[in-house]
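Engineer: predicted model follows, preceded by the sequence.
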Amino acid sequence: MKYTIDKQDKYSLLRLHEEKLDSSIAPHLKSEMITLHAEGVLNIILDLAEVKYTDSSGLSALLVGNRILQEDGGIFILASLSEHTMKLIKISQLDSVLNILLTTDEAIDAVFMHEIEKDLKDGE
């Protein structure tokens, strides 16, 4: 699996450099997200700009990332989805479950908003 990770204080930006998110890639993506989470990363932005095709195993990997981060109060955001990937998510009715934004810049802003909201709740 070809990818890059940009680790910041509040989030990690994982960019997938693959055209397909399918059964040959999904297990590697899952384990990478689980590893990041185990290292203490609470917020992950997954940039899928280069992914043109996604199948059910790819969706499964996205759901794993979403679940493990939400369990610890973090946020998992998908950014820059192809039309095909977005259609698959909508058909699967996962657009109401997953956090999806158009650009990585919007996703970064959303992480900071999530952190501010979390801090406000903790302060109550």
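Structural biologist: Thanks, I have the structure now.

Engineer: residue contacts, the nearest residue to D55 once chain neighbours are set aside?
Structural biologist: The shortest distance from D55 to any non-neighbouring residue, by CB to CB, 6 or more residues apart in numbering, is to D22 (4.6 Å). Yep, even glycine has a C-beta here, placed from its N, CA and C like the rest. With contact taken as CB atoms under 8 Å, 6 or more residues apart in numbering, D22 is in contact with Y53, T54, D55, S57, G58.

Engineer: please state the offset of the host helix or strand of D122 from the chain centre?
Structural biologist: Using DSSP states H and E, D122 sits within helix 104-123. Centroid separation for helix 104-123 versus its chain: 15 Å, with CA atoms, centre = their mean, to the nearest Å.

Engineer: where exactly do the strands run in the chain?
Structural biologist: 3-7, 12-16, 20-21, 43-47, 53-54, 75-79, 99-101 (DSSP state E).

Engineer: and the residue nearest to D55, what's its pLDDT?
Structural biologist: D22 carries a pLDDT value of 96.

Engineer: filter the contacts of D22 to the buried ones?
Structural biologist: T54, D55, S57, G58 (16 or more other CB atoms under 10 Å).

Engineer: turn the contacts of D22 into CSV, columns for pLDDT and distance to H17.
Structural biologist: Formatted as CSV, those follow (pLDDT from 0 to 100; distance: CB to CB, whole Å):
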residue, pLDDT, distance to H17
Y53, 95, 14
T54, 95, 15
D55, 94, 18
S57, 96, 18
G58, 96, 15
